[in-house]
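# Sequence and computational prediction follow.
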Amino acid sequence: MARRQVTIDGNEAAAYVAHKTNEVCAIYPITPSSNMGEWADQWSSEGKTNIWGTIPSVVELQSEGGASGAVHGALQTGALTSTFTASQGLLLMIPNMFKIAGELTSTVFHVSARAVAAHALSIFGDHSDVMAVRATGWSLLCSSSVQEIMDMALIAQAATLEGRIPVLHFFDGFRSSHEVQKIEQLTDDDMKAMINDDLVRAHRARALSPDHPVLRGSAQNPDVFFQARERCNPFYTAFPAIVQKTMDKFAQVVGRQYHLFDYVGAPDAERVLIMMGSGAEAAQEAVEYLVARGEKVGLVKVRLFRPFSMDAFLGAIPKTVTSIAVLDRHKEPGAVGEPMYQDVLTAFGERLAEGTLPFPFPKVLGGRYGLSSKEFTPAMVKAVFDNLSAAKPKNHFTVGIEDDVTHLSLAYDPLFITEGEGVIRCHFYGLGSDGTVGANKNTIKIIGEDTPNFAQGYFVYDSKKAGSITVSHLRFGPKPIHSTYLVSSANFVACHAFVFLEKFDMLKAAAPGSVFLLNSPFGPEEVWDKMPRSVQQQIIDKGLKFYVIDGYKVAKDSGMGGRVNTIMQTCFFAISGVLPKDEAIAAIKGSIKKTYGSKGEEIVRKNYEAVDQTLANLFEVKVPAKATSTFEKPAVVSAKAPDYVRNVLAKIIANEGDDLPVSSMPMDGTFPTATAQWEKRNIALEIPVWDEKICIQCGKCALVCPHAAIRIKVYDATLLGKAPATFKSSDYKGVEFKGMKYTVQVAPEDCTGCAECAFICPAKDKANIKHKSLDMADQIPLREPERENYDFFLALPEVDRTAVKVDTVKGSQFLQPLFEYSGACAGCGETPYIKLLTQLFGDRAVIANATGCSSIYGGNLPTTPYAVDPSGRGPAWSNSLFEDNAEFGYGFRLTFDKQRDYGHELLKKMAERIGSELVEGLLSEPQMDELGISRQRARVFALKQKLSAEKDEDAKNLLSVADALVKKSVWIVGGDGWAYDIGFGGLDHVLASGRNVNVLVLDTEVYSNTGGQCSKATPTGAVAKFAAGGKSLPKKDLGLLAATYGNIYVARVAMGANDNQTVKAFLEAEAYDGPSLIIAYSHCIAHGFNMTEGMQHQKEAVECGAWPLFRFNPDMALAGKNPLKLDSKAPKLAFADYAMKETRFKMLTKSHPAESKHLMEAAQKANLQRWRVYEQLAATNYGDGQDGQDK
Amino acid sequence: MDLSTKYLGLDLKNPLVAGAGPLSRDLDTLRHMEDAGISAAVLDSLFEEQIRHDEGELDHFLTQGTESFAEALSYFPEPSDYKRGPEEYLEYIAKAKKKVSIPIIASLNGVSAGGWMGYAKKMQEAGADAIELNIYYLPTNPTLSGAHVEKMYVDAVTAVKTAVTIPVAIKVGPFFSNMAYTAHQLSEAGADGLVLFNRFYQPDIDLDTLEVVPNLVLSSPAEMRLPLRWIALLYGRVGCDLAGSSGIHRSEDVIKTIMAGASCVQLCSALIVHGVRRATEILKGVEGWMTEHEYESVAQMRGSLSQNNCPEPAAFERANYMKVLQSYK
């Protein structure tokens, strides 16, 4: 069987071998490894077999802990079993990894190595997760490139079967897992040649079986545990040789030779670098460059890190070595040095003591690089070699950052570039929604598979989900590409959205004489004057060839909507000349057919049409000799922003965070809140325009806005005196603020244009029904006047919280949102609930947030949407982990309760000094409403005044806990992946604790943040990743489970179906002096529908019985009433009528029609049955003969 | 007694054809219709808009939000194979052919020239015995001439006829400035039959929501008069077969339509309202009437009261309109 050249990423390469050489995969999604499991699941669902001709069984667990347990069990019963994970996921597997290794079990885990959360979470790559499992007894085998990932995956599988040591095969998260490269794909024959079936059968023979029973997993005592632990030593001693033997066999079969430690560089090198992972590729490029220029340098690439073979290691180092730098992609605070540095020193020291060190003891320096995918370039490699040559070299150095605190960093010259001639290097700036990345992936495939050229693609994504920006880094060239770093000198820069010109310095990386392609609504004659002056100057100074195309016009004309991907791709081929034009167009069309063919001829036709229209619309711009523009790029943030925002966060916003020094970062991960307000993103094409004349003042627009970008206020009419000319207002219609003015105001630069407000707006013009009180209109002409209006609006006083009817939709919306302008998807279904939470309780809320979408839009740098009120109060927020969020928040409660109790004790003790009236008030205030809270705050203020002058310990202690005397609202927030799956055990325990915590489950019925994997909240009939054939099992009824305790307040809400019930549920949950659980239907982009209509989908979910609304209030039971109140009516809509409007359900009709029909019927039936159960529960007599329904 | 008839070159055991509608969506119902005496079935239409919409929608929502955010580069598993609407339809034709022995007429609904017309050929390949091209076009552009609209119809017929070798019937509405001329043109373009008439569902206004809503109303027997007249007028004047459709609910409706000149009638609302067994009753009624009035065959009846053959040709023309109004007074 001939080997094919394929263009794939590292995750696919690993999954390919794993799926071919295993029988069972037990998985759980975690970035950046999720795709491996998804590939395996998809291949199995498509019936693809392993090399033994059977389809591997791929199952999803509730956590990585669960996945590793299932893997352990499957291994113990003899199946060839694997899993894929990273970071915290790997940490959750540690207990089972000790067991698996202790039992000498053959298996390979594939790990896309990722930073472990410490001061902050990071999804990006380094070796801190791998280093955390060194003690488990696993072999650690590293790959540095996509080709190596495929090769090592097979070598690992073959070696573990022979050596019985489990292998953790790892590679760098994102840099290797997501880098697309042209590689040679191993064949089934290769794998069959490498895997010894006798060893597979031996693995099976060791399995647990009642037919030849054994006991494994005994408990041992001090007498023998130690001896038994040492019993495995021979296997570890033998394993390096087994791995090398396997690598040698691989070389015979496939032709690529690897060693435990591979050396590249001068044979007589004096300065040698030791490292592993993708950075070694960049280092190799630098070493080859330097050696070609006469430098005596070399590089040892570590493949097998554990078991560490001293012989093989020392054998790989030239005897001429005088100095060594060991680079760890890891930080171990407080250690003598990082792990590999210590291993190297230990190896040298041991052999020196034995007298067998093959060269004089060299100078050995340890350094750190590349944490969280920090760039690692040949320039940095050069700096490391220079450090080795320095008279006073730095040890325990860092490279790639500027450390102005401990001064450990090495300076480097960013202009040191080693990339060879003949490599085409490109930057493509795209909008997430325009398909740029997808088209670039196709381009790489075209060039990789249709030409002899090598191709590489790496993609930098946004941390925002709405209006996100992508930067694609592509390289093409005649030789294999080792440049595992971003393109810093591009000879082709494409800007796919005109607005980026004002946001980023995208021509900074343009090489002199390179090409600049701009998607511009302005033609070749007029575009020049529309560009900022600095951009013009760069084009002139660098002598760029400048092309424009109106991609949006071509896309519109060819029916492509806003997707300019194939158009810009065609331009790239036409200008770059990588392929002859006709061949390129044929190849693009071929790739279109391949990509979209299965979705329909119409899609293919539209794309063809776009390609055909492109060249006629592509123009070269005659570049004038002088920059003539009269405007510049606007400031990244307002000059009014706080210093920290201007000096630090603004840099991150402008993509210049790499330049920030260590001192600019907080020492413990603590950041100020209320920073999103400074990041004016201007991503909406259209924003709502308010017609005050027909507004009915319901407040729904503000309630549903996911970004707090449309707000309402009531205020004194006299304040309008200084209003801007276009500021709108009307007389307030309610009785509570009679005589006051009312305004609905949009935040024009923060709105994402989702149009949920306009969709929900019930006020229609009687003479022209399509005109509502909120209509969407172009943002650009409105930006300036509405900015001024919004500033004026914000300056209007906030409403008196004690005067508002907070238990109504409108009343709640007068309260200031303390969650604003998040980076969540436009039209997000989760954020309106969080916003409501902050409006009602934000000034006294502490939020524990499970990892997931809500932690990303809540806490991903640069800015946070959590805000403060005029008094400086607002939600305090933290994210611990994914799995422990309930316990984390429970801990908050324990503290607040303890501090309150301690405060009460001190108050009583000091009552005489403080004054009995104040003490009595502080002790007895029930704080059940805004007025009570307000009174208590006044007392605490008075208390602090009194205590501030006191010097004794009691007074100082009371002062330090005085704030705890004001009721704190503890909120535990997370998604369904957390609540239903990974965190369920903890959630259950915390709910059962009886403590006053409030749990908000933002139920999107799928793992949204990691890209739509099935959770136990996924409803029957929905397609999700790991449920490609449709979820056949029912959704867990978390609400009912919690309600069975009897003492937990439970509400199931859907804002779009009953907003009033939602507001009431939040208030009741918070008021309930015990655990509360709110499960909130959150429509999501992963449902596949027009997000503008999210609230309508919520309504229909309720009407069809998929999401019955209820509140279960234990206080009712205490009063002898039925605690369950059904807040929705019996299902009246067919489930399919709701479901078929969402791609998650509808696509099953396309992929598995028969199954879809069956599941739709099953879901319909189950919804009705559940409703009947609820009805019966709600009708149960609790003592007074009343049921839970309103009579 | 010979109830057989020939329509589009197909030999039908009787003139009762199931018209395009929801009943033909189910294989078991198809079988029941055959058992009830139906002689051929027109399948529910494959809609041009549906093809375009479904494909666009699937692509749009599968790619929405993808390749934007590092942790979620996509939101759905991407099966390598989808059963798209047209493919399911084609598979259904093949299944229907296996399930029943009566002729199966596939229905294609649309007007513009485009890729979707390629489905006509695929319908033939899937085993359809004939195609009914349902041309549904509502011109709203006030600058578009009637001639232009008619040309679109003729072009569509030409395109489909070029693509297939099986017979093609054209189902049209009555809204032409000269129905007879258009019928003639369509026949000349190659149409093997004309189905008179399509019913255009008229939208309604919901006063609660102040929205314009679709409103499907089933046909009533009174509606059969319009096709009856035009079949009578066209019989013998155009080269192709004529089929009556709209409002045919009873055996007398069938007899009248055949006498006006139809080769067959299409039943749809009648079967939806009364069940497929209604076909058996209608057939029985037709047979009874023919026995009573000593007709030997359907062929004998066909066109016997067409405008050419009826004693009072003007009765089908405008003068008759005045008479009706006067008689009503």
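In hand now; what should we look at? Residues are numbered from 1 along each chain as shown, chains lettered A, B, ... in the order given.
# Give me the below-cutoff pLDDT ranges for chain B.
By pLDDT under 70, the low-scoring segments of chain B are B:113-116, B:318-329.
# max-length helix in it?
Among the segments of chain B that qualify as a helix by DSSP state H, the longest is helix B:146-163.
# which other residues reach it?
B:108, B:110-113, B:117-118, B:120-121, B:124, B:131, B:133, B:135, B:137, B:139, B:168, B:170, B:172, B:176-177, B:181-182, B:185-186, B:189-191 (C-beta atoms under 8 Å, 6 or more residues apart in numbering or on different chains). Glycine gets a C-beta too; all of them are placed from N, C-alpha and C.
# so which of those are also by chain A?
Contacts with chain A within those, counted by C-beta under 8 Å from any C-beta of the partner chain: residue B:118.
# Tell me which of the contacts of helix B:146-163 fall in helices.
Counted as lying in helices by DSSP H, out of these, are B:118, B:120, B:121, B:124, B:181, B:182, B:185, B:186.
# residue contacts, the second one?
Same thing as residue B:120. B:108, B:131, B:133, B:160, B:163, B:164, B:168.
# and these as a markdown table, adding neighbour count?
Output for the contacts of residue B:120, formatted as a markdown table (neighbours: other C-beta atoms under 10 Å in any protein chain shown):
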| residue | neighbour count |
| --- | --- |
| B:108 | 27 |
| B:131 | 28 |
| B:133 | 27 |
| B:160 | 22 |
| B:163 | 17 |
| B:164 | 18 |
| B:168 | 26 |
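# and which of the residues you listed is nearest to residue A:487?
Within the contacts of residue B:120, the smallest distance to residue A:487 is 50.0 Å, found for residue B:163 (C-beta to C-beta).
# Could you measure from whatever residue of chain B ends up closest to chain A over to residue A:505?
Chain A sits closest to residue B:68 of chain B, with a gap of 2.5 Å, by C-beta to the nearest C-beta. Computed with C-beta to C-beta, to the nearest Å, the distance linking residue B:68 and residue A:505 is 22 Å.
# of those two, who's got more company?
Set side by side, residue B:68 and residue A:505 show more neighbours around residue B:68, with 28 against 14, by other C-beta atoms under 10 Å in any protein chain shown.
# Phi first, then psi, for the nearest residue in space to the more buried one that is not next to it in sequence.
Leaving out its chain neighbours, the residue that sits closest to residue B:68 by C-beta to C-beta, 6 or more residues apart in numbering or on different chains is residue A:432, at 2.5 Å. Here is the backbone geometry of residue A:432 (degrees, to the nearest 10): phi -50, psi -30.
# Pretty sure residue A:432 sits against residue A:462.
Yes: taking contacts as C-beta atoms under 8 Å, residue A:432 lies within contact range of residue A:462: 6.6 Å.
# who touches both of those two?
Shared contacts of residue A:432 and residue A:462 (C-beta under 8 Å, 6+ apart): A:468, A:469, A:470, B:68, B:69.
# Looking at neighbours, which among these is most surrounded?
With neighbours taken as other C-beta under 10 Å, the top of those is residue B:68, carrying 28 neighbours.
# mind listing the helices for the stretch 1-150 of chain B?
B:27-36, B:48-63, B:85-99, B:118-126, B:146-163 (DSSP state H, counting those that start in this stretch).
# want to try CSV for these, with distance to residue A:232 as columns?
Below are those laid out as CSV (distance: least, C-beta to C-beta, whole Å):
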stretch, distance to residue A:232
helix B:27-36, 64
helix B:48-63, 49
helix B:85-99, 57
helix B:118-126, 64
helix B:146-163, 73
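# Any idea which of these gets closest to residue A:632?
Checking these against residue A:632 by C-beta to C-beta gives helix B:48-63 as the closest, at 35.7 Å.
# mind checking how far the residue of chain B most remote from its centre is from residue A:1106?
Farthest-out residue of chain B from its mean C-alpha position, per C-alpha atoms, centre = their mean: residue B:70, at 51.2 Å. Going from residue B:70 to residue A:1106 by C-beta to C-beta gives 31 Å.
# Please apply the same query to residue A:812.
Using C-beta to C-beta, residue A:812 is found at 26 Å from residue A:1106.
# Is stretch A:815-825 in proximity to chain B?
Yes: if you take C-beta under 8 Å from any C-beta as the test, stretch A:815-825 does meet chain B, through residue A:825.
# Stretch A:756-776 too?
Yes: on the criterion C-beta under 8 Å from any C-beta, stretch A:756-776 is in touch with chain B at A:764, A:769.
# could I get that stretch in PDB with only the CA atoms?
Extracted C-alpha coordinates of stretch A:756-776, given in PDB (Å, rounded to 0.1, in the frame of the first residue of the first chain):
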ATOM      1  CA  GLU A 756     -32.500  40.300  19.900                       C
ATOM      2  CA  CYS A 757     -33.900  43.500  21.300                       C
ATOM      3  CA  ALA A 758     -35.500  44.400  18.100                       C
ATOM      4  CA  PHE A 759     -36.900  40.900  17.700                       C
ATOM      5  CA  ILE A 760     -38.400  40.800  21.200                       C
ATOM      6  CA  CYS A 761     -39.800  44.400  21.000                       C
ATOM      7  CA  PRO A 762     -43.600  44.100  21.100                       C
ATOM      8  CA  ALA A 763     -44.300  47.700  20.200                       C
ATOM      9  CA  LYS A 764     -45.400  48.000  16.600                       C
ATOM     10  CA  ASP A 765     -46.300  51.100  14.700                       C
ATOM     11  CA  LYS A 766     -50.000  50.900  14.000                       C
ATOM     12  CA  ALA A 767     -49.800  52.500  10.600                       C
ATOM     13  CA  ASN A 768     -46.700  50.400   9.500                       C
ATOM     14  CA  ILE A 769     -46.600  47.100  11.300                       C
ATOM     15  CA  LYS A 770     -43.000  46.300  10.300                       C
ATOM     16  CA  HIS A 771     -41.700  49.400  12.100                       C
ATOM     17  CA  LYS A 772     -41.200  48.700  15.700                       C
ATOM     18  CA  SER A 773     -40.100  50.800  18.600                       C
ATOM     19  CA  LEU A 774     -36.700  49.200  18.000                       C
ATOM     20  CA  ASP A 775     -35.500  48.800  14.400                       C
ATOM     21  CA  MET A 776     -32.000  48.000  13.300                       C
END
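# which residues are contacting it?
Contacts for stretch A:756-776 (C-beta under 8 Å, 6+ apart): A:686-692, A:694-696, A:698, A:700-702, A:704-706, A:710, A:744, A:753, A:755, A:827, A:1056, A:1091-1096, B:210.
# Would you list the buried entries among those residues?
A:686-691, A:694-695, A:698, A:700-702, A:704-706, A:710, A:744, A:753, A:755, A:827, A:1056, A:1091-1096 (16 or more other C-beta atoms under 10 Å in any protein chain shown).
# List the residues that contact the spatially most central residue of chain B.
Taking C-alpha atoms, centre = their mean, the centroid of chain B lies closest to residue B:171, which sits 4.9 Å from it. With contact taken as C-beta under 8 Å, 6+ apart, residue B:171 is in contact with B:20, B:107, B:132, B:133, B:134, B:135, B:194, B:195, B:197, B:198, B:245.
# Can you report how many residues lie near the residue nearest to residue B:68?
Around residue A:432 there are 22 other residues, counting by other C-beta under 10 Å.
# Please name the residues that touch it.
For residue A:432, the contact set (C-beta under 8 Å, 6+ apart) comprises A:461, A:462, A:467, A:468, A:469, A:470, B:65, B:66, B:67, B:68, B:69.
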